[in-house]
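Student: Turn this into a model:
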Amino acid sequence: MAINFFGVGIFGEFEFWLSSIKVLIMLGLIVFTFVLACGGGPQESAPGFRYWTNPGAFAPYLAKGGPGRFLGFWNVLGSASFSFNGAELVGVTVGEAQNPRRAVPRAVKLTFFRIVFFYIILIFLLGLNVPYNSPELVSANTFGAKTISAKSSPFVVAASLAGVSTVPDIINVCLLVFTFSAANSDLYISTRALYSLAIEGNAPRIFAHTNDRGVPIYSLTLSSLLALIAFISVDVGAFETFQYFVSLVTIFGLLTWMAILISHIYFVRARRAQVVPDTSLAYVSPFGINGSFAALIFAAVILFFNGFSSFTPDPVTKERFQWRNFIVNYIGVVIFVSMAAGYKYFVGTKVWSAHEADLTSGKQKIDDDEAEFLAAEKARPVNETEERIRRWYRLTIGHFF
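Tutor: This is a model prediction of the structure:
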């Protein structure tokens, strides 16, 4: 909270260094898991693709055979959606970026590289090192657990299977860094989201109040207080609580993605109707409107199957219908639709045609800010050494930091 209180400058600087540490940790984990997969552990046994055939690549969930693998596949997609939630929030920084037409497209491209490099490659390497039926992995993730420690991490399991015994304490430190950075950035995002709602008249005006540093102080206070919900895990099983939150956040994240995709589809239609060319935009979606349609369908399918396991008998509790999971997995849809319908009813918004859509409000302000920024850049003395360093940075590690 203190970091966010001192304004976006301090927040950005602090988050840059935290992100740098995270990148170094992730690079270390990639090298570590790659070495283990090649047999570089104390046991000198290279798993290779062994676990992809025994026990297999697809773990059954709540049932055996094909139905179990089907449920497992969609359950994993739900968890993966949770992991990717927040990638779209780069758009929230537009209002506080110096030159959004330059900064935001670059940030979007960097997000893609980071997802491919840090998410997909690491998951691939973990799949080589950890079988889904590993006793260490199963025992670390149970609903009976009151706490969740570093033993729950698949990196620790991979190290244990390879005979490395000093990793858990190191992973705990890494998790603290990741958690602190996530809490810091998520507090920033929630504060700005509440502030934007207040500015637009969709939340109490008090949350639009800012201090002399431009920080929406009341939005920051409320967002910080809501973080106290985390302490309910002290009384309830931590793993069970975590799973419920994962389900809720996943649902709302998917619904947010779907709303963004629908907005993009209508935005493209409005541009075409008003003959606004792609060349007039600082950034254009590489897959265009067809990509948005495909992503929308896929997100809807994940949303539908996310709680499908609720209809399968639980082998532990013997419940034929897991009503708690069903409510948690689908109540977000009810809340989302109810709020959208309620807003439509009480505010009385109208549907605008593609020809009537407003595509220019706020554009002049961005044009003026960009002209001012470019003029300042042009007036700044050119330092060739600094420029070469900046260019090298953008072409190399700038893809990850």
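Student: so what secondary structure elements neighbour the strand or helix carrying Thr111?
Tutor: Take DSSP states H and E as the rule and Thr111 turns out to sit in helix 100-114. Identification of packing neighbours for helix 100-114 by 3 or more C-beta pairs under 8 Å, 6 or more residues apart in numbering; DSSP states H and E yields helix 363-379. Any C-beta I mention is one placed from the backbone N, CA and C, and that applies to glycine too.
Student: What's the first helix or strand after the lowest-mean-pLDDT helix or strand in the chain?
Tutor: In the chain, the helix or strand scored least confidently by mean pLDDT, DSSP states H and E is helix 135-140, which has a mean of 67. Sequence-wise, the next helix or strand downstream of helix 135-140 (DSSP H and E) is helix 154-162.
Student: Give me the number of neighbouring residues for Ser153.
Tutor: Residues near Ser153, counting by other C-beta atoms under 10 Å, number 21.
Student: And Pro277, by the same measure?
Tutor: Residues lying near Pro277 (other C-beta under 10 Å) number 9.
Student: got a list of what it touches?
Tutor: Counting by C-beta atoms under 8 Å, 6 or more residues apart in numbering, Pro277 touches no other residue.
Student: State the pLDDT value of it.
Tutor: Per-residue pLDDT puts Pro277 at 88.
Student: Arg390 now?
Tutor: With respect to pLDDT, Arg390 has a value of 69.
Student: go on, the one 3 residues further on?
Tutor: Here the pLDDT value assigned to Tyr393 is 66.
Student: The one 4 residues further on now?
Tutor: What the model reports as pLDDT for Ile397 is 61.
Student: And the longest helix seen in the chain, what does it pack against?
Tutor: Ranked by number of residues, the top helix in the chain under DSSP state H is helix 238-273. Contact here means 3+ C-beta pairs under 8 Å, 6+ apart; on that basis helix 238-273 packs against helix 65-84, helix 288-305, helix 323-347.
Student: could you dump those helices to CSV with mean neighbour count, mean pLDDT and distance to Arg102?
Tutor: Compiled in CSV, the helices and strands packed on helix 238-273 are given as follows (neighbours: other C-beta atoms under 10 Å; pLDDT from 0 to 100; distance: least, C-beta to C-beta, whole Å):
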stretch, mean neighbour count, mean pLDDT, distance to Arg102
helix 65-84, 16, 83, 25
helix 288-305, 15, 92, 22
helix 323-347, 14, 87, 34
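Student: between these, which one is nearest to Ile389?
Tutor: Closest to Ile389 of the helices and strands packed on helix 238-273 is helix 65-84 (C-beta to C-beta; 32.3 Å).
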